Structure formats: structure tokens, C-alpha cells
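[1] next comes the sequence, and after it the predicted model I'd like to discuss.
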Amino acid sequence: ILKKEGISIIRKLNILETNRIAKNISDKICTYFSEYLINYDDLFSSIARIDMYLAKMPTNDIAAKYLYVDNSIYFNNTIDLTISENSIFALHECIHFIQTKLNDKCKLERLGLYTLGNSGVALNEAAVQLMASVAQGLDFDSAKYYDININTISPDCYPMQCALLNEMIYFTGTYPLYHSTLNSNDLFKNTFISYSDKKTYNKIEVNFDKILKLEDDLYYFTVGLQNATTEKDINSFNRLIFNRKEAIKHVFLNTQELIIRNVFYKRI
């Protein structure tokens, strides 16, 4: 599994390092999400039992990764661990740990807003990133992506999805979203559907995944452009990059239109 993920272990974190991370994460989650009645001692003990490693990652863009199959978190060795311990990436991965729901055979059944085998991976990632950003004490700010001005709490990770999700919780409030993200249930989905309809929610969910796939393509084509050595390849990658940026913009605006048409207009 590690080989498939492109992860190569360097060393296991010691008890002091693991406990520092567990304390930092527990402090932030219990402070910012106190209304969800999370027991501090239980949370600290659970996170402290996670195996944590410094590892070589497939790219430097991946700061940390939680794998439910071995209940482990892997931190990129290119990042100073003292920075990683207090980073939003550690928060993000520990929220993934909290939301992991296994079936009777210890197989992954659900991860927050995402039910295995369905759409919803990107929506869940956005929810986790939004919560991690809140727990990190970040604020929403304006930014420009693909010629679109957006308001996002996470300019460096899932910025488009976090901006759209913030528009969705304008109607639902944060409670259903945070509750579903932490407890892996349909409270947020059902609440949003009550303000719109099931078809709209499902379409938005699919669009989040489309943006994520297009962003992945964009990353690989950008790397390809950096390594291109012929004019033909350079032109080809530039076309692919332009097409993906236009596609991201189209899906984003289409999703906004769904929210405006099928939620906002229904409330006025």
C-alpha cells in the first residue's frame, strides 16, 4: 500500500513527538468545535495511539497523509517537523482519522461526507480543509483563481471547493456540516436538500469531484510543461493547461449558478 501511495518510511516519531502533535490537535479541535461535545482526553488518547512517521512522499506538495488501513500518519521529511506539528496539514489528516468509519470487517465504509463507491470525495476534502482552517484560526479572504474572484479560507489547498462550500453553508449554517464531517452522517446532505432538492445536491457533489480531477490534470500537465524539451511538446502542454483552466472556471461558475438558482431564489 505504501509503495502504491509512493511513500517511503524514514523513521517512526517517538512518543514525545507524537504526544506533542496529539496535544496540539486536541487543543485546537476541542477549542473551535466545543459544541460537538468531543471529549478531550479521549481525543488526545486516540490521536496519541496513531503511528506517525517521517517519510519520503511522491511530491513535495504532499505535507502529510493519513492511511486508515494501518492507522498511521506520514509527514513529508522535506518539511521541518516542528512546523508540521503545528500545521494545518496535521489538523487535516487528524480530522480524517476522526471521521473514518469502518464496517464490521474493518473495511472503509465512509469518510465524513463521502460514502465509499459514490461521489463526494472532493466535497469531503473541502469540508475537512475548511474545518482545519477554522481550527487553525484562519480567516476568509478574497483571491483570484482562473480569472474568478472568490472568497476562500484556504488559498493554498482546495480554494475553489472551500469557496463553494462556504456558499452552501450560508444556507445550512456550519453545525450540520461540521457534525456530518466529524461523525460521517447525512445531516449536512439532508439539511441542504431541504433548502433545495436532492438532484441539486448530487450535481454539486459531482461538480466538486470534477474540479478536483481537473486540478489533478492541471498539476501533471504543468509538470510536463516544465520538463518539455521540444516546441511541439511545449505547445501541446500549454493547450492542455489552458483547456483545463477554462474547464475549472466553467464547472465552478456552473456550480455557483446551481446554488443561486436552486437554493437562493427558492428562499426569496
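    Okay, I see it. Numbers count the residues shown, from 1 in each chain.
[2] then stretch 15-34 to PDB, C-alphas only?
    C-alpha atoms of stretch 15-34 as PDB (Å, rounded to 0.1, in the frame of the first residue of the first chain):
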ATOM      1  CA  ILE A  15       6.400   9.200  22.000                       C
ATOM      2  CA  LEU A  16       7.300  12.800  22.800                       C
ATOM      3  CA  GLU A  17       6.900  13.900  19.200                       C
ATOM      4  CA  THR A  18       3.600  12.000  18.800                       C
ATOM      5  CA  ASN A  19       2.200  13.400  22.100                       C
ATOM      6  CA  ARG A  20       3.100  17.000  21.100                       C
ATOM      7  CA  ILE A  21       1.100  16.500  17.900                       C
ATOM      8  CA  ALA A  22      -1.800  14.900  19.700                       C
ATOM      9  CA  LYS A  23      -1.900  17.700  22.300                       C
ATOM     10  CA  ASN A  24      -1.800  20.400  19.600                       C
ATOM     11  CA  ILE A  25      -4.500  18.900  17.500                       C
ATOM     12  CA  SER A  26      -6.800  18.100  20.500                       C
ATOM     13  CA  ASP A  27      -6.400  21.600  21.900                       C
ATOM     14  CA  LYS A  28      -7.500  23.200  18.600                       C
ATOM     15  CA  ILE A  29     -10.300  20.800  17.800                       C
ATOM     16  CA  CYS A  30     -11.800  20.900  21.300                       C
ATOM     17  CA  THR A  31     -11.500  24.700  21.400                       C
ATOM     18  CA  TYR A  32     -13.000  25.500  18.000                       C
ATOM     19  CA  PHE A  33     -15.600  22.700  17.900                       C
ATOM     20  CA  SER A  34     -16.600  22.600  21.600                       C
END
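[3] all helices of the stretch 101-250 of the chain, in order?
    Remark: helices assigned in the stretch 101-250 of the chain by DSSP state H, counting those that start in this stretch are 121-135, 159-172, 174-183, 187-195, 198-227, 231-259.
[4] please work out which of the ones you listed is packed deepest.
    Comparing the helices of the stretch 101-250 of the chain by mean neighbour count (mean count of other CB atoms under 10 Å), helix 121-135 comes out on top with a mean of 25. The way it works is simple: take the backbone N, C-alpha and C, and place the C-beta from them, glycine included.
[5] gap between that helix and the chain center?
    Offset of helix 121-135 from its chain centre (CA atoms, centre = their mean, to the nearest Å): 5 Å.
[6] which strands and helices sit next to it?
    Judged by 3 or more CB pairs under 8 Å, 6 or more residues apart in numbering; DSSP states H and E, helix 121-135 is in contact with helix 15-32, helix 88-99, strand 114-115, helix 159-172, helix 174-183, helix 198-227.
[7] how about 7 Å then?
    helix 15-32, helix 88-99, helix 159-172, helix 174-183, helix 198-227 (3 or more CB pairs under 7 Å, 6 or more residues apart in numbering; DSSP states H and E).
[8] how far does the third one sit from the chain's center?
    Averaging C-alpha positions (CA atoms, centre = their mean) puts helix 159-172 13 Å from its chain's average.
[9] next one: the fourth one
    Helix 174-183 has its average C-alpha position 14 Å from the chain's average C-alpha position, going by CA atoms, centre = their mean.
[10] any idea of the angle it forms with helix 88-99?
    80 degrees (axes from the mean of the first three to the mean of the last three CA atoms, to 10 degrees).
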